[in-house]
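K.L.:
Need a 3D model of the sequence below.
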Amino acid sequence: MKKIIALILAALLLAALVIPVLAEEGSAADTEAAAVVGVGEADDEDGLDAEKAEGEDAGAEGEVLTTGEVVTTGEEDGESEEEGESPTANMYEGTVISAEGAPDYVVKSDDYYMNYDFGSVFDENGHFKDISALEYVELKNYENLSVPESAIDAKVDEQIKGLLESYAAPEHLTEGTVKDGDTLNIDYVGYVDGETFEGGSTDGAGTTVTIGVTSYIEGFLEQVVGHSVGETFDIDVTFPDDYSNEELAGKPATFTVTVNYIEGEKVTPELTDEFVAENITAQAEDIKTAQDLIDYFKENEGIKQELIIEQLIANNGVREIPEAAYNFAVDLAIIPYASYAKQYGVDLGSLLSVYGISLEEMLADYAEDNLKVAKRMLIVQAIDESRGDISITEDDMKAFATENFGSEDYSEAADTYGIGLLKMYVLQDVVMDHVAEHTAYGVPDNSGFGTKSIIITACVLGGAVLVIALILIIKGATKKKEGIGAADAAVNGADEAGADESETSGMIDVGELLGVEKAEDAAEEAAEETSEEVEDAAEEAVEETAKKAEETVALFESGAEGAAESADETVALFAPGSAEAAETVEDTVEDSAETVEETAEDAVEAAEDAVEETTEE
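P.N.:
Just a heads-up that it's a prediction; the model follows:
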């Protein structure tokens, strides 16, 4: 359960600003912190665990950490440390942390984080004190955002990858020889004076150790080196004189050891129905298959809000991040750790060492997240400043208190942390709810023609129809001109023949007369042929123009219908208030379709007119 909860929380980390200390005291966080620093019952069953460098099985009064320091959580040597007492030193105080795109951050004292003064950060409206967000933010678009399907799929893939990696496990090598530094699983049974003793056996359950890291009795693990997987052998050791179990102190012992396997590289499982059934279904009954898990993340509200926040930041410019805003974002990352450290009476540096990280490393990991938190808070405040009509009601405050404190009464939290902090969180919720309502979530990446594309397409196709018609009309006119020229030439030939007749009166014979008649016949025949060619060319122009027009209209109508269908499908995804935009797209489709049809009809009429003129001539 912890694994999937941890992953879900990771998915929600950027989706909402959390209150890391408001509801933390007296919660399950106590148990987690107790486990981290070794508070709990002693585990002395294993007689070999004099010290474990990894801090796995320590005594009740102290836990040996990887640093070798003992973190006390109770009485020791007759002295006690009051729970919650702040340490006096911080090894990181004064360290300057730099991050790209953000002001430098100077680490404060442990006391600064353990007793954080939220009241010094926010005013009674939930705004950063003495900061006008509009001076730092250029609001461009926060009521017409869209989150494409591809962004959702990418985020889901990221979450699933993280989930699978959390289940990555080393390969169990069943062949090979143990070397120094290897991690392996062994079983053993110990004998003192020929008899087994309490805590001296793994009882066949196996235990994982790392040569050179895990601290067993001196010489124990060193004697395992060189043996093979599957081999069973004896080793001899002597318990130290100051061993915690006085009955074993100073005595020689023999252990029969079996090497079960050596750990290889970690192998990340694949997302399959079998993986889900084995690891997820028991924790979440509704998730039975791989597709169920994918759908779960797609519908996850935390992921949705995170993606909307990313779009909000991407569509609105933050010119500069003021120091106070960025400092709070970084403080917010440190405060939970400082709260744990205070609760268990250790300094921040020692607590972080339990997690195996330094403060610099932790803040480097959180740098991008801290920037997002600061930008988001500034943009939300800028929206509130710009609109001036966002009000936080008492019902909003009670709902927030019920969700976070389990009661409508938030007076105690207001006294402890300041009303400004509570108002800030409620303001964030109210504004982000408004932004989410006006965001189209899950928009197809290729949704057909957009409004602008439809208009451009209509103009281009309509123009193409006119150009085609014009070309064909010119072609017909050219044919017509050629025919008229041929007819004129024939007539001129006949005229010339007549002139010759006048000049040679009395010399006309039947052959000459026949020659004139042939010329006239040829002229008439040429005129008829030319007329037919002109008429055929004109009719061809009309037919081709009409055909092209019909194809153009059909093509456009197909694209328009696709755009209309896409608009209809998208309407369901639009948040309230966006339906009008979808109707505008549909109206534009219809208007543009009518424009193309009218243009095509005009082109056809023009071609028909050209035919009539050509035929008459």
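K.L.:
what ranges do the strands span in this protein?
P.N.:
63-64, 70-71, 96-97, 105-106, 137-138, 145-148, 169-173, 183-192, 195-201, 207-210, 232-238, 252-267, 317-318, 439-443 (DSSP state E).
K.L.:
In JSON lines, list those strands along with distance to residue 278 and mean neighbour count.
P.N.:
Using the backbone N, CA and C atoms, a C-beta is placed for each residue, glycine as well. Below are the strands of the chain laid out as JSON lines (distance: least, CB to CB, whole Å; neighbours: other CB atoms under 10 Å):
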{"stretch": "strand 63-64", "distance to residue 278": "33", "mean neighbour count": "22"}
{"stretch": "strand 70-71", "distance to residue 278": "36", "mean neighbour count": "18"}
{"stretch": "strand 96-97", "distance to residue 278": "42", "mean neighbour count": "14"}
{"stretch": "strand 105-106", "distance to residue 278": "44", "mean neighbour count": "17"}
{"stretch": "strand 137-138", "distance to residue 278": "48", "mean neighbour count": "17"}
{"stretch": "strand 145-148", "distance to residue 278": "33", "mean neighbour count": "20"}
{"stretch": "strand 169-173", "distance to residue 278": "12", "mean neighbour count": "13"}
{"stretch": "strand 183-192", "distance to residue 278": "21", "mean neighbour count": "19"}
{"stretch": "strand 195-201", "distance to residue 278": "30", "mean neighbour count": "15"}
{"stretch": "strand 207-210", "distance to residue 278": "21", "mean neighbour count": "16"}
{"stretch": "strand 232-238", "distance to residue 278": "31", "mean neighbour count": "15"}
{"stretch": "strand 252-267", "distance to residue 278": "15", "mean neighbour count": "16"}
{"stretch": "strand 317-318", "distance to residue 278": "45", "mean neighbour count": "16"}
{"stretch": "strand 439-443", "distance to residue 278": "31", "mean neighbour count": "20"}
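K.L.:
Ranking helices and strands of the chain by mean pLDDT, which lands last?
P.N.:
Lowest by mean pLDDT, DSSP states H and E among the helices and strands of the chain is strand 63-64, with a mean of 25.
K.L.:
returning to that earlier point: so which of the strands of the chain is nearest residue 357?
P.N.:
If you check each of those against residue 357 by CB to CB, strand 96-97 wins as the nearest, at 13.7 Å.
K.L.:
on contacts alone, who are the packing partners of that closest one?
P.N.:
Contacts defined by 3 or more CB pairs under 8 Å, 6 or more residues apart in numbering; DSSP states H and E place strand 96-97 against strand 105-106, helix 359-387.
K.L.:
Mean neighbour count, these: which tops it?
P.N.:
helix 359-387 (a mean of 20; mean count of other CB atoms under 10 Å).
K.L.:
list the helices and strands that helix packs on?
P.N.:
When contacts are defined as 3+ CB pairs under 8 Å, 6+ apart, helix 359-387 packs onto strand 96-97, strand 137-138, helix 301-314, strand 317-318, helix 323-343, helix 348-354, helix 419-437.
K.L.:
rerun at 7 Å
P.N.:
strand 137-138, helix 301-314, strand 317-318, helix 323-343, helix 419-437 (3 or more CB pairs under 7 Å, 6 or more residues apart in numbering; DSSP states H and E).
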